[in-house]
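Participant: I would like the atomic coordinates for the input below:
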Amino acid sequence: MSPVTDETLQAGAVECLQVLSHAFRPLAPRFALVLRKFILTPLALFSQAPNLEPAPLLTATVAAYASILKLSADAATQQSAIQSLFNHFTATGAQDDDGTKVAVSGSIIHAVAILARESGEQSTANLVASMLLQSLNARDPTVEGAILYELSALASEVDRLTFLDIINAVGEASKAAGLSEADAGAVLSTQTRLARVAVGRSDLHEKYLTEILTLFVERGTRSAGAGPDKTAVSRSGLDVASSVRPRD
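Facilitator: Below is the predicted model of the structure:
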């Protein structure tokens, strides 16, 4: 029998499992296991969008998984589920050229970050952000794009020190030599999203503005002459910096 690949049917099945878990709580752990296995399935429907956002079906699946985990009313259960998924990511080896492994690794990155946000616990968000920061370098571009996206998504949930760690790590990523166009675009998108978060954190937006301006001055200096590359760097820096400006 061929697997079901219709997104509407898949989403309906996920929703059914969530409803059944709340109606028949003794079966919730079993349903949670089903959703965990689904998250780890290399489905084309789980492929992240060009803007690095997780696929809608993956987001819905992880949200349903989080909802079932919350039935335990035990924060340790949720953190254990996150750690278990991340252990699978580590064991999978995202540096492998295997497209299937890369796809699953990207899904896991989105999943652990969504679970952290769904938990509503800053300590969990800090933990996941720390995990992602440690995994940022030397990864497949797809996985690194997922990590960058989720770091910026977690930025509004973490404490000040973790936010600063994210800023510094993204800044270092942007300085890496030989960035491909896709990698450079992922870093720039992340910097812009971080800038928008910094606007709402008065203790951070001045620090981030300084960081961004310094970074783009350095990149502009490395771009020899006044050609299109240097103009593009300058324009990118202004776009990000303008996002940091507090709203009236």
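Participant: Now do the helices in this protein.
Facilitator: With helices called from DSSP state H, the chain shows them at 7-23, 28-39, 56-69, 75-92, 99-119, 122-134, 141-154, 160-175, 181-199, 205-222, 228-244.
Participant: List the contacts of the spatially closest residue to Phe163 that is not a sequence neighbour.
Facilitator: Distances taken as C-beta to C-beta, 6 or more residues apart in numbering place Ala155 nearest to Phe163, at 5.7 Å, with adjacent residues excluded. C-betas here are computed from N, CA, C, even on glycine. Residues in contact with Ala155 (C-beta atoms under 8 Å, 6 or more residues apart in numbering) are 163, 166, 193-194, 197.
Participant: Can you verify my assumption that Ala28 contacts Ser67?
Facilitator: No. Using C-beta atoms under 8 Å, Ala28 is not in contact with Ser67; the gap is 9.7 Å.
Participant: For the residue most central in space within the chain, give its distance to His110.
Facilitator: Nearest residue to the geometric centre of the chain (C-alpha atoms, centre = their mean): Glu150, 1.7 Å. Computed as C-beta to C-beta, to the nearest Å, the Glu150 to His110 distance reads 6 Å.
Participant: where does this structure have low pLDDT?
Facilitator: Applying pLDDT under 70 to the chain flags residues 1-5, 73, 93-98, 138-139, 176-179, 205, 211-248.
Participant: what sits against the closest residue to Ala125 other than its chain neighbours?
Facilitator: Once flanking residues are discounted, Ala125 sits nearest to Glu157: 3.8 Å by C-beta to C-beta, 6+ apart. The contact partners of Glu157, taken as C-beta under 8 Å, 6+ apart, are 116-117, 122, 125.
Participant: Going by neighbour count, which of these comes out on top?
Facilitator: In terms of neighbours by other C-beta atoms under 10 Å, the contacts of Glu157 top out with Ala116 at 29 neighbours.
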